[in-house]
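Novice: Build the 3D model from these lines:
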Amino acid sequence: MVKSPIPVDKVVLKLIFVAGNDQAGKEFHILPSFTAAQIAQQVYEEWPQEWQANKVERAEVLRLIYQGRFLHENVTLNSLNIQAGRKCVMHLVPREKIPQPNIDNSNKEKIHQSETGCCMCSIM
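Specialist: Below is the predicted model:
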């Protein structure tokens, strides 16, 4: 199998589509200036034959995960320091909305304490 060269003006983005128990990877050539929403649209328009059983109804439900974090629609590959002429791997999942971080009040207090470097003490 002969590998095709990476275009110097694009990122080769290998997306691992996660749907149920199935995980399958596919490479796409993406401009580094593309946003997550534009990438989702391109993937939707070029939907691979291998993924046909899990085809989504619209591009807006496709979410990208990079380094364990969901990407918001306006994030570009450039803003993630992903350079043209390179390969990158991300996960792709069908989801209506990006989950919000789950921080309860006790965690907020711990986060605040670690940011300020101090805590409240009582001397009796």
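Novice: Find the residue closest to Phe17 in space, skipping its chain neighbours.
Specialist: Leu92 (4.8 Å; Cβ to Cβ, 6 or more residues apart in numbering). In short, each C-beta sits where N, CA and C put it, glycine included.
Novice: just checking, that neighbour touches Ile16?
Specialist: Yes. Counting by Cβ atoms under 8 Å, Leu92 touches Ile16, with 6.7 Å between them.
Novice: residue boundaries of the strands in the chain?
Specialist: All strands of the chain, identified by DSSP state E, fall at 11-19, 22-30, 62-66, 69-70, 87-94.
Novice: Would you reformat those as TSV and include mean pLDDT, mean neighbour count and distance to Ser4?
Specialist: Output for the strands of the chain, formatted as TSV (pLDDT from 0 to 100; neighbours: other Cβ atoms under 10 Å; distance: least, Cβ to Cβ, whole Å):
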stretch	mean pLDDT	mean neighbour count	distance to Ser4
strand 11-19	89	19	9
strand 22-30	87	15	9
strand 62-66	96	20	23
strand 69-70	93	14	30
strand 87-94	94	16	12
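Novice: Save those strands as a markdown table, and put in distance to Ala40 too.
Specialist: Conversion of those to a markdown table gives the following (distance: least, Cβ to Cβ, whole Å):
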| stretch | distance to Ala40 |
| --- | --- |
| strand 11-19 | 10 |
| strand 22-30 | 11 |
| strand 62-66 | 4 |
| strand 69-70 | 12 |
| strand 87-94 | 8 |
